[in-house]
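> A structural model of the following input is requested.
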Amino acid sequence: MRDTLDASAEAVTRGALARLRGVETLESAYDAWLELRLAHGATRLRFQEERERLEQQGSFLVGAVRAAGQSRAAPTEPTPAAESALVAADAPMRAFLRQAEEKLTRAREALAKDEAEGEALFQAAFEELRTTIQDRVVRHLAAAPPRLRLLLRKVGAARAILHVERVSGDTPVLLLYLFTGRIPSRHGFLFDDSTEDVSLPPAPLYAEEGVAAGEVRPEAPALVARVRAPGQVLPVKGFLPVFVPRPEGGEDFFRLLQRGPVMEVEVAEGPGFRSVLAREESERFAGHLLRLKLEGRLELEVEAG
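This is a model prediction of the structure:
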């Protein structure tokens, strides 16, 4: 069983890395990453099941030996000779238990060693995948900056709604790195509208890369903290985060939330987000994108309607 687990980890990591190195596209690299992530979870589960099996086996043996000892009825009036006979009869049972416990201890140690070695293989493969994806993103950005079309819709004299035309292909991955310096955990993150609860909108985070299952729906301040936190990977879902500087210092947190054919620009406010922007907010957001354009890092078209 342990040899099978160890061999499985080696085969899976080798296969994922071979696919990563064989095709130079971002999507194929993310496919290999997802495959590896799923295999890692399955392998950890099998190691856990093997640990539980060994614990159950040890508990069963101890109980069986105890029951065997209790089945010998002690004499009503024990004599020294009878007590010596009982002790002699228990000696083989104690030796059997000791040998069984030693065997189980060796099995647990071997399992722990195999698990550590398998985990090291997975972590090394994950590191190569993340680094390779980041290198490819940097090369793509240098060769062809992503293109955005910003649409302004006025709401009265002092407010506006901003939309960005829907992007496709590798562009969401490139934009996330451009805006945050981090790669997403999934290639199709921007268009993923799946939800674990149909009564709730899609969560803004995936339960991976350090995000627990109960942390996928944070309020705006916690989401901002998650995006600001250091790290190579950002497990966001359904939106692009953008930090826009304020004239007086500090930054406002905007997000481009995917809504069908467009992405709607929202700004963090209190526990949530607001899509109707003040004129100053909309101008500052557009100015931030324009600055990226002037730096040669983004192709931008602005349309006022």
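> from here on, contacts and neighbour counts on C-alpha atoms
Will do.
> Output the contacting helices and strands for the biggest helix by length in the chain.
Longest helix in the chain, counting residues (DSSP state H): helix 80-143. Counting by 3 or more CA pairs under 8 Å, 6 or more residues apart in numbering; DSSP states H and E, the packing neighbours recorded for helix 80-143 are helix 2-22, helix 26-70, helix 171-180.
> Deepest in the core, which of the ones you listed is it.
helix 171-180 (a mean of 21; mean count of other CA atoms under 10 Å).
> Check what contacts the next helix or strand after that helix and list those residues.
Reading on from helix 171-180 to the C-terminus, the next helix or strand found by DSSP states H and E is strand 183-184. Contacts with strand 183-184, where a contact means CA atoms under 8 Å, 6 or more residues apart in numbering, come from 133-134, 173, 176-177, 232-236.
> Pairing partners for strand 183-184, with directions?
Strand pairing for strand 183-184, determined by DSSP bridges: strand 233-234 (parallel).
> Can you give me the neighbour number for Ala143?
Ala143 has 10 neighbouring residues, counting by other CA atoms under 10 Å.
> Can you give me the distance of it to Leu174?
Going from Ala143 to Leu174 by CA to CA, to the nearest Å gives 12 Å.
> coming back round to it: give the rounded mean pLDDT of the longest helix of the chain.
When pLDDT is averaged along helix 80-143, the result is 83.
> pLDDT below threshold where in the chain?
Applying pLDDT under 70 to the chain picks out residues 1-7, 69-90, 305.
> who's in contact with the closest residue to Phe189 other than its chain neighbours?
Excluding its sequence neighbours, the residue lying closest to Phe189 (CA to CA, 6 or more residues apart in numbering) is Lys237, at 4.9 Å. Lys237 makes contacts with 189-192, 203-206, as judged by CA under 8 Å, 6+ apart.
> Ala268 pairs with what?
Where Ala268 sits in a bridge, its partners, by DSSP bridges, are Phe273.
> Please read the previous query as pertaining to Phe253.
With DSSP bridges as the rule, Phe253 is bridged to Phe243.
> Gly272 is in contact with that one, correct?
No: assessed by CA atoms under 8 Å, Phe253 is found out of contact with Gly272, at 11.2 Å.
> neighbour count winner among those two?
More crowded of Phe253 and Gly272, by other CA under 10 Å: Phe253, with 19 against 13.
> contacting residues for the more buried one?
Phe253 touches 224, 241-244, 267-268, counting by CA under 8 Å, 6+ apart.
> what do you get if the cut-off is 7 Å, keeping everything else the same?
242-244, 267-268 (CA atoms under 7 Å, 6 or more residues apart in numbering).
> can you pull out the helices in the stretch 151-300 of the chain?
171-180, 220-228, 279-294 (DSSP state H, counting those that start in this stretch).
> Just put the contacts of strand 183-184 in a markdown table and tack on distance to Leu97.
Output for the contacts of strand 183-184, formatted as a markdown table (distance: CA to CA, whole Å):
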| residue | distance to Leu97 |
| --- | --- |
| Ile133 | 53 |
| Gln134 | 55 |
| Val173 | 59 |
| Leu176 | 60 |
| Tyr177 | 59 |
| Gln232 | 50 |
| Val233 | 50 |
| Leu234 | 51 |
| Pro235 | 50 |
| Val236 | 53 |
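> From those, keep the buried residues only.
Among the contacts of strand 183-184, those classed as buried by neighbour count (16 or more other CA atoms under 10 Å) are 133-134, 173, 176-177, 232-236.
> if we can go back for a sec, could you dump the helices and strands packed on helix 80-143 into a markdown table and include distance to Val155?
Shown next, in a markdown table, are those (distance: least, CA to CA, whole Å):
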| stretch | distance to Val155 |
| --- | --- |
| helix 2-22 | 48 |
| helix 26-70 | 39 |
| helix 171-180 | 27 |
